[in-house]
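J.: dropping a prediction and its sequence here:
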Amino acid sequence: MSYQPIIPFSGYAGWSFLNRTMEKQQAAFNASSEIQRNEDYFREKIGSIETAEDLVNDRRLLSVALGAFGLDEDINNKFFIRKVLEEGSLDSESLANKLSDKRYLKLTQAFGFGDYGIPRTVLSDFPDEIVQKYERRQFEVAVGETDNSLRIALSVQRDLPELAAKDSSEKTKWYTIIGSPAMSEMMQTALGLPKSIGALDVDAQVRIYAEKADRLYGSTDPAQFAEPDTLKQLTRDYFLRSQLTTGTTITAGNAALSLLQGAQQNRLSLLL
């Protein structure tokens, strides 16, 4: 079995605890027998994989490949994944480029089956590249088994600053946020937007997201979330508002208590 992350609190207090103990917990998770077996198999076999068909026909390899990009639930969608991989990323009309969820684009870019005559699987550093992504993503999955809001926050800490720093338009960045399950969930909750916003035209959604972000954080541009302090404020708002949406009663007093508990845990050390 894999190491199960220790999450003694929910909400922002749990997030603070997880951040303080992240390095030790991630190391223990990486060293677990299940993760090590999967990684050893991937390192041994991936260099011999030359086509998307080869990859999807090896379930163990495919599980690591998909797991590295948070696409674990697609393990049985072999035809779909093969099509994504074979069409690649260079053609603007390829399936990966048309999908709003850009995890598929990152997957096909990483493997290169549809983009190059020789796939990236033969590169000497390719196994390390994918294994590092796999370890981080699978740790997030394990955290999510205890508290899915923490998994979402971990995912956003990785993806949102990267997106925010890109040299692309505000609208393009909002499109990407809306198309990302984790980023859209955090942003909707932190901004206090209803789930029903997803039924609106995407350009209408962008206007609403941008206006609300401007009121709360001072700018319509997602580039602001490249700043650690703004990202921290967004994350805190997400946890405090998520307690409301999950039915937890929050008053000014117990919201403050939640933050106080997080501060108190700074004096604790985790024994692993």
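T.: In hand now; what should we look at?

J.: which other helices and strands does the helix or strand containing S16 contact?
T.: Using DSSP states H and E, S16 sits within helix 11-30. Helix 11-30 is packed against helix 126-146, helix 148-164, helix 228-245, helix 252-264, with contacts defined by 3 or more CB pairs under 8 Å, 6 or more residues apart in numbering; DSSP states H and E. The way it works is simple: take the backbone N, C-alpha and C, and place the C-beta from them, glycine included.

J.: what residues does the first one touch?
T.: Residues from elsewhere that reach helix 126-146, judged by CB atoms under 8 Å, 6 or more residues apart in numbering: 2-5, 7, 18, 25-26, 29-30, 35, 38-39, 42-43, 46-47, 64-65, 67-70, 72, 110, 120, 150-152, 154-155, 158.

J.: okay, now the domains of this protein?
T.: 11-134, 148-267 (automatic domain parsing).

J.: ends of the first one, what's the gap?
T.: Using CA to CA, to the nearest Å, the gap from the first to the last residue of domain 11-134 comes to 25 Å.

J.: OK, contacts around the residue nearest in space to the middle of the chain?
T.: The centroid of the chain falls nearest to S155 when counting by CA atoms, centre = their mean (2.9 Å). S155 is in contact with G70, E140, A182, M183, counting by CB under 8 Å, 6+ apart.

J.: the second one: how many residues sit nearby?
T.: Put plainly, it is E140. 20 (other CB atoms under 10 Å).

J.: and the third one, by the same measure?
T.: Residue neighbour count, defined by other CB under 10 Å, stands at 22 for A182.

J.: any low-confidence regions in this structure?
T.: Within the chain, the segments meeting pLDDT under 70 span 1, 245-272.

J.: dihedrals phi and psi, L200?
T.: Main-chain torsions, L200, degrees, to the nearest 10: phi -80, psi 160.

J.: kindly report the same for L90.
T.: Residue torsions, per degrees, to the nearest 10, at L90 are phi -80, psi -30.

J.: how many residues are close by it?
T.: So L90, with other CB under 10 Å, has 13 neighbours.

J.: who's in contact with it?
T.: Counted by CB under 8 Å, 6+ apart, L90 has contacts G114, D115.

J.: let's see 7 Å
T.: D115 (CB atoms under 7 Å, 6 or more residues apart in numbering).

J.: thought S63 was touching E73?
T.: No. The pair S63 and E73 fails to qualify as a contact (CB atoms under 7 Å) at a distance of 11.1 Å.

J.: those two - which one has more neighbours?
T.: S63 (17 against 8).

J.: where's the more buried one, which helix or strand?
T.: S63 is part of helix 59-67 when elements are defined by DSSP H and E.

J.: following that helix, which helix or strand shows up next?
T.: Past helix 59-67, the next helix or strand by DSSP H and E is helix 78-87.

J.: what angle do that next one and helix 59-67 make?
T.: Going by axes from the mean of the first three to the mean of the last three CA atoms, to 10 degrees, helix 78-87 is angled at 70 degrees with respect to helix 59-67.

J.: just checking, what packs against helix 78-87?
T.: Where contact means 3 or more CB pairs under 7 Å, 6 or more residues apart in numbering; DSSP states H and E, helix 78-87 is packed against helix 52-56, helix 95-98, helix 103-111.

J.: can you tell me which of those comes nearest to L244?
T.: Among these, helix 103-111 comes nearest to L244, with 28.6 Å by CB to CB.

J.: and the closest one with helix 126-146, angle?
T.: Going by the same axes, to 10 degrees, helix 103-111 makes 150 degrees with helix 126-146.

J.: the inter-axis angle of helix 103-111 versus helix 148-164?
T.: Orientation check (the same axes, to 10 degrees): helix 103-111 against helix 148-164 gives 60 degrees.

J.: for helix 103-111, what is the distance to the chain centroid?
T.: 14 Å (CA atoms, centre = their mean, to the nearest Å).

J.: got a list of contacts for that helix?
T.: Helix 103-111 has contacts (CB under 7 Å, 6+ apart) with 69-71, 84-85, 88-89, 96-97, 114, 119-121, 130.

J.: okay if I get those residues as a markdown table plus neighbour count and distance to N57?
T.: Listed next are these as a markdown table, based on neighbours: other CB atoms under 10 Å; distance: CB to CB, whole Å:
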| residue | neighbour count | distance to N57 |
| --- | --- | --- |
| F69 | 20 | 19 |
| G70 | 25 | 22 |
| L71 | 20 | 17 |
| V84 | 25 | 15 |
| L85 | 27 | 12 |
| G88 | 22 | 19 |
| S89 | 22 | 22 |
| A96 | 22 | 20 |
| N97 | 16 | 25 |
| G114 | 21 | 17 |
| P119 | 23 | 15 |
| R120 | 17 | 19 |
| T121 | 23 | 14 |
| I130 | 24 | 18 |
